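# Here's my sequence, what's the structure:
(2 chains)
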Amino acid sequence: MSAAPVFDALIHAPGRLQICAILSSVDAEFAMLRDAIKVSDSVMSKHLKQLEEAGYVKLTKAAENGRQRTWVSLTSAGRKAFAAHVAELQRLAEMTAPVPLGQGFSG
Amino acid sequence: MTQDPSPEEALALIKAAREDIGRDLDYPIGWDFAYGAVLAAIVASQGLPSPWNTTVFIFCMLGVVLMVQWWKKRFGWWVNGYSPRRAGRVAWFLVAFMLVMMGLALWTRLYDGPVWMPWAAGVATWIVAGLSGRWWMQAYRKDLTELPQ
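Residues are numbered from 1 along each chain as shown, chains lettered A, B, ... in the order given. As a prediction, the model looks like this:
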């Protein structure tokens, strides 16, 4: 079932949009996400902090071979908000899409 | 890219991010053998007398946990949940297949079925589970080319 369309300004920024798009398919480690969207550690941390404060992502720290790794996943609220934002983007895109020839006004 | 992309730009960004992840989701064929073997052991062990069936099952579950840990450490990602689309259908097929195979293995233990049945069910599960892993990933990649719902 599709989500009801709701625009979410927090998700809409390109970096956070890409993060949510990736996390809608996989749980990912911080470094994997950072490399995928090609930003610095500090920019990634800032994006994740904003998403975490909104309750959209959950950060889990795990020690591995003496190093601490951070795993990121979408929360249920984040998944719903992202789906609603995508639905709104689709609705807006359809409104501005050109009408195919032959389907517009005739008379 | 502007900080306030148009709806079309934003949708293109989402699709590209998901498709890129789909392209990167690759793993060694050894995983399919190991994963298939663990599921095969779970199925075949249903034909063993108690407490061996439970012992093998516990070891197999421990094996699954170790395999998941290895995967996460090696690749830095893990598929979350089951897609309700194509990949979900593959996962349900495998669950249904495993239940049938487990039933055949149980037949031997509970109703004195043929001794070879648990082995045959295990081998069939190994092959089907190994192939299903690749089939599932192919389906999941296709799911990723579409927008999330």
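
# for B:Trp78, helix, strand, or coil?
Three-state assignment for B:Trp78 (DSSP: H, G, I helix; E, B strand; the rest coil): strand.

# what about it, how many neighbours?
14 (other Cβ atoms under 10 Å in any protein chain shown). (Glycine included, C-beta is placed from N, CA and C.)

# Surely it is in contact with B:Gln69?
No - taking contacts as Cβ atoms under 8 Å, B:Trp78 lies outside contact range of B:Gln69: 10.1 Å.

# show me the residues around B:Pro49 that make contact.
Applying Cβ atoms under 8 Å, 6 or more residues apart in numbering or on different chains to B:Pro49 gives the contacts B:Arg109.

# what does the one 3 residues further on give?
The neighbours of B:Trp52, taking Cβ under 8 Å, 6+ apart as the test, are B:Ser45.

# Just list what the helix or strand bottoming out on mean pLDDT in chain B packs against, helices and strands only.
Among the helices and strands of chain B, strand B:77-79 carries the lowest confidence by mean pLDDT, DSSP states H and E, at a mean of 86. Applying 3 or more Cβ pairs under 8 Å, 6 or more residues apart in numbering or on different chains; DSSP states H and E, one finds that strand B:77-79 contacts strand A:26-29, helix B:52-75.

# Now do the buried residues in the longest helix anywhere in chain A.
Longest helix of chain A, by residue count under DSSP state H: helix A:76-96. Buried residues in helix A:76-96, counted by 16 or more other Cβ atoms under 10 Å in any protein chain shown: A:78-79, A:81-90, A:92-93.

# I'd like the average pLDDT over that helix.
Regarding helix A:76-96, the rounded mean pLDDT is 92.

# Is any residue of it near chain B?
Yes - contact of helix A:76-96 with chain B (Cβ under 8 Å from any Cβ of the partner chain) involves A:Phe82, A:Ala83, A:Val86, A:Leu89, A:Gln90, A:Leu92, A:Ala93, A:Thr96.

# leaving aside the residues next to it on the chain, what's closest to B:Phe97?
B:Val128 (5.7 Å; Cβ to Cβ, 6 or more residues apart in numbering or on different chains).

# now the angle between helix B:52-75 and the host helix or strand of the one you found, please.
Per DSSP states H and E, B:Val128 falls inside helix B:116-144. Angle, helix B:116-144 to helix B:52-75, by axes from the mean of the first three to the mean of the last three Cα atoms, to 10 degrees: 30 degrees.

# list the helices and strands helix B:116-144 packs on?
Partner elements for helix B:116-144 (3+ Cβ pairs under 8 Å, 6+ apart): helix B:7-24, helix B:29-44, helix B:86-111.

# can you redo those helices as CSV with mean pLDDT and mean neighbour count?
What follows is the helices and strands packed on helix B:116-144, written out as CSV (pLDDT from 0 to 100; neighbours: other Cβ atoms under 10 Å in any protein chain shown):
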stretch, mean pLDDT, mean neighbour count
helix B:7-24, 88, 18
helix B:29-44, 93, 19
helix B:86-111, 91, 16
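
# Model confidence for A:Asp35, exactly?
For A:Asp35, the model assigns a pLDDT of 91.

# Quick one: name the residues of chain B near chain A.
B:1-5, B:7-8, B:10-11, B:13-15, B:17-18, B:20-22, B:24-25, B:72-73, B:75-80, B:140, B:144, B:147-149.

# just the helices in chain A please.
All helices of chain A, identified by DSSP H, fall at A:9-12, A:14-23, A:30-37, A:41-53, A:76-96.
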